[in-house]
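# My questions are about this predicted structure, shown below with the sequence.
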Amino acid sequence: MKAITYTTFGGPEVLGLDEVEEPHAGPGEIRLKVVAAAVNPLDHKIRNGWMPPMTPPFPVTPGLEAAGVVDEVGEGVTGVSVGDEVLGFTTTGAYAEHALATDYAPKPAGLDWDVAAALPVAVETAVRVLDLLAVAEGDTLLLNGAAGVVGAVAVQLAVARGATVVGTASAGNHDYLRSLGATPVAYGGGLADRVRAAAPQGVDAVFDAAGHDLDVLVEVRGATDRVVTIVDPGDAARLGVEFSGGGAPFGPRLREYAQLVADGELAVRVARSFPLADAAEAQELVATGHAAGKVVLRPSE
């Protein structure tokens, strides 16, 4: 099969489209023919060698999440059959024509393939952190990086829980955040004053999805409890706040949230899709932080 691989750390030039051996479903696994695979910021960080604990053995096929059609079912797997459409988290790398998975959910009928591939990581991350923060009705949540894919999902889910959300974003994304139900504030100098003006009642919880200004966020919160970052474990340790970098299997809950997306009750933005061969360009777009939504690869194109 065709897959994107790399055998050394480096820039986008280390990525190659290669012919590799197909994986086959073992006990507890399914194999899917990948229709769409999402590109995440973590992908280029691992490729650059910045995340040693998360680097699999070379050669590496990148990619955490995909949507596709089941074409093999391993021993002991129930509730899914060849031909079913699924979305979820891959164990062999999503930038490929085939991938294995153990944590997945059915793709609702009518859900766009690109959106299906784009939602597992964003939804799992948003739900995990909101749960860690115990965000509930009446809370005021400060969400740093609210216009990113994870941030935007978290805004919607926090608002649905009855929370007031103040979200940081560049000025060009303020109307977008308002459409999601958040009060936007701009990044940069004076952030603490702008947050206090937007939330004079104070901030009950902080979700950092951006990886900067964490000192300011803690200052505004006035405490280190109920502050979670998903970006910088070093800053988290320095400031004494919680870093969250992964969760338990999410497949059973993923089904529920995928249906919300299919029903139009939760939105996940997709910025652009690329053929598999253009994975380097796709990763570079994500690395800029200005993609205005999820970037997706299409292995069949």
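Nice, thanks for sending it over.
# Just to be sure, V70 is in a strand?
Yes. Counting by DSSP: H, G, I helix; E, B strand; the rest coil, V70 is found in a strand.
# Could you number the chain from 11 rather than 1 from now on?
With the count now opening at 11, the last piece we talked about shows up as V80.
# For it, name its beta-bridge partners.
Per DSSP bridges, residues listed as beta-bridge partners of V80: L42.
# Helices of the stretch 11-160 of the chain, start to end?
51-57, 123-142, 159-170 (DSSP state H, counting those that start in this stretch).
# Among these, which comes closest to E291?
Checking the helices of the stretch 11-160 of the chain against E291 by C-beta to C-beta gives helix 51-57 as the closest, at 11.7 Å. For every residue, glycine as well, the C-beta is placed using N, CA and C.
# Out of the helices of the stretch 11-160 of the chain, which gets the lowest mean score?
Lowest mean pLDDT of the helices of the stretch 11-160 of the chain: helix 51-57, a mean of 95.
# related to what we said a few turns ago, out of the helices of the stretch 11-160 of the chain, which gets nearest to D94?
Counting by C-beta to C-beta, D94 lies closest to helix 123-142 out of these; the figure is 12.7 Å.
# so who does the closest residue in space to L187 that isn't next to it in sequence touch?
Leaving out its chain neighbours, the residue that sits closest to L187 by C-beta to C-beta, 6 or more residues apart in numbering is P194, at 4.2 Å. If a contact means C-beta atoms under 8 Å, 6 or more residues apart in numbering, then P194 has A156, V176, G177, T178, A179, N183, H184, L187, R188 as its contacts.
# which among those gets closest to D242?
Closest approach to D242 among the contacts of P194 (C-beta to C-beta): T178, at 15.3 Å.
# quick check, that closest one in a strand?
Yes. Assessed with three-state DSSP, T178 lies in a strand.
# Run through the bridge partners of it.
N154, V195.
# on that earlier part again, will you turn the contacts of P194 into TSV that also has distance to E29, neighbour count and pLDDT?
Putting the contacts of P194 into TSV (distance: C-beta to C-beta, whole Å; neighbours: other C-beta atoms under 10 Å; pLDDT from 0 to 100) gives the following:
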residue	distance to E29	neighbour count	pLDDT
A156	42	30	98
V176	50	25	98
G177	45	31	98
T178	45	30	98
A179	42	24	97
N183	41	19	96
H184	47	18	98
L187	44	23	98
R188	48	12	98
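# ok so, going back, nearest to M11, of the helices of the stretch 11-160 of the chain?
Minimum separation from M11 across those (C-beta to C-beta) falls at helix 123-142, 17.6 Å.
# For that closest one, name the packing helices and strands.
Under the contact definition 3 or more C-beta pairs under 8 Å, 6 or more residues apart in numbering; DSSP states H and E, helix 123-142 sits against strand 40-49, strand 75-83, strand 95-100, helix 159-170, helix 261-272, strand 280-285, strand 304-308.
# any idea how far V44 is from M11?
Taking C-beta to C-beta, to the nearest Å as the measure, V44 falls 9 Å from M11.
# out of the two, which sits in the more crowded spot?
Counted by other C-beta atoms under 10 Å, V44 and M11 do not tie: V44 has more neighbours, with 28 against 15.
# how many neighbours does the closest residue to that one other than its chain neighbours have?
The shortest distance from V44 to any non-neighbouring residue, by C-beta to C-beta, 6+ apart, is to G78 (4.4 Å). The number of residues packed near G78 is 31, by other C-beta under 10 Å.
# which residues sit in contact with G78?
G78 is in contact with L42, K43, V44, V45, A46, E95, V96, A109, counting by C-beta under 8 Å, 6+ apart.
# Now with 6 Å, please.
Contact partners of G78, counting by C-beta atoms under 6 Å, 6 or more residues apart in numbering, are L42, K43, V44, V45.
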